[in-house]
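> How does the following fold in three dimensions:
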Amino acid sequence: MKDMIPRHTAFIKAKGVVPYLTPDDIRLLLNGLEERHKQRDRLLILLLFQTGLRISEALSLTPFHIELFDGKPVLSIIGKGRKPRLIACPERLVDRLKSYAYEKKIGPHDRFFRINRSRAWQIINEASKRVGFTKRVHPHLLRHSDAIERLKQTGNPKALQLHLGHSSITMTMRYLSTLTQEDAVRINQEVSFDV
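Presented below is the predicted three-dimensional model:
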């Protein structure tokens, strides 16, 4: 009983500003990758940043998981808690994944990334040190970064909740703390009323 976090403490943590990387930070991080496996490592970072996948979900991804939904590419996965989930994935990234699979002779049910979680952490951490980041960079930070970028562009927490596979909207709402007044104005300028 002593080890449990009091509700008010958990709530305060949830209300804190979530750390994240900007698209410029991601570009810088990509410059810190080692040459030897640069293509693979670049794809992994882009996948985490542009889809919000958890590291375990990204590492288990195969070409078989790529589908079309309304004519656009999605990743069809079984996420945390064994819940099926469709994840929007930019066409350009899907093209890169398919090219990589072809070049490396990755079969439909073979994993794109034949590394473990520990190696993925190491790749991202080493790249961040090479480019001089002072904050701790890890795979889940890329998930936060995707979430915040999507929220800034859409202003839709419910769509973000479904995208991330959160069972509770409370988990998703913590990303709202990162939105600025300028972000809100940009989002609201996209609303139009045809009368």
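
> lowest-pLDDT helix or strand in this structure?
helix 7-15 (a mean of 41; mean pLDDT, DSSP states H and E).

> Look up how far Val17 lies from Leu176.
Going from Leu176 to Val17 by C-beta to C-beta, to the nearest Å gives 10 Å. Yep, even glycine has a C-beta here, placed from its N, CA and C like the rest.

> More neighbours: which of those two?
Leu176 (14 against 10; other C-beta atoms under 10 Å).

> quick one: the residue nearest to Gln153 when sequence neighbours are not counted from Lys135, how far?
In space, Gln153 comes closest to Ile187 once its chain neighbours are excluded; the distance is 7.7 Å by C-beta to C-beta, 6 or more residues apart in numbering. From Ile187 over to Lys135 the distance is 26 Å, taken as C-beta to C-beta.

> Next: Leu28.
12 Å.

> related to what we said a few turns ago, got the contact list for the residue nearest to Gln153?
Residues counted as contacts of Ile187 (C-beta atoms under 8 Å, 6 or more residues apart in numbering) are Lys152, Gln153, Thr154, Gly155.

> Could you look up the SS state of Ser99?
helix (DSSP: H, G, I helix; E, B strand; the rest coil).

> what number of residues lie near it?
Ser99: 12 neighbours (other C-beta under 10 Å).

> What does the pLDDT read for it?
According to the prediction, Ser99 has pLDDT 98.
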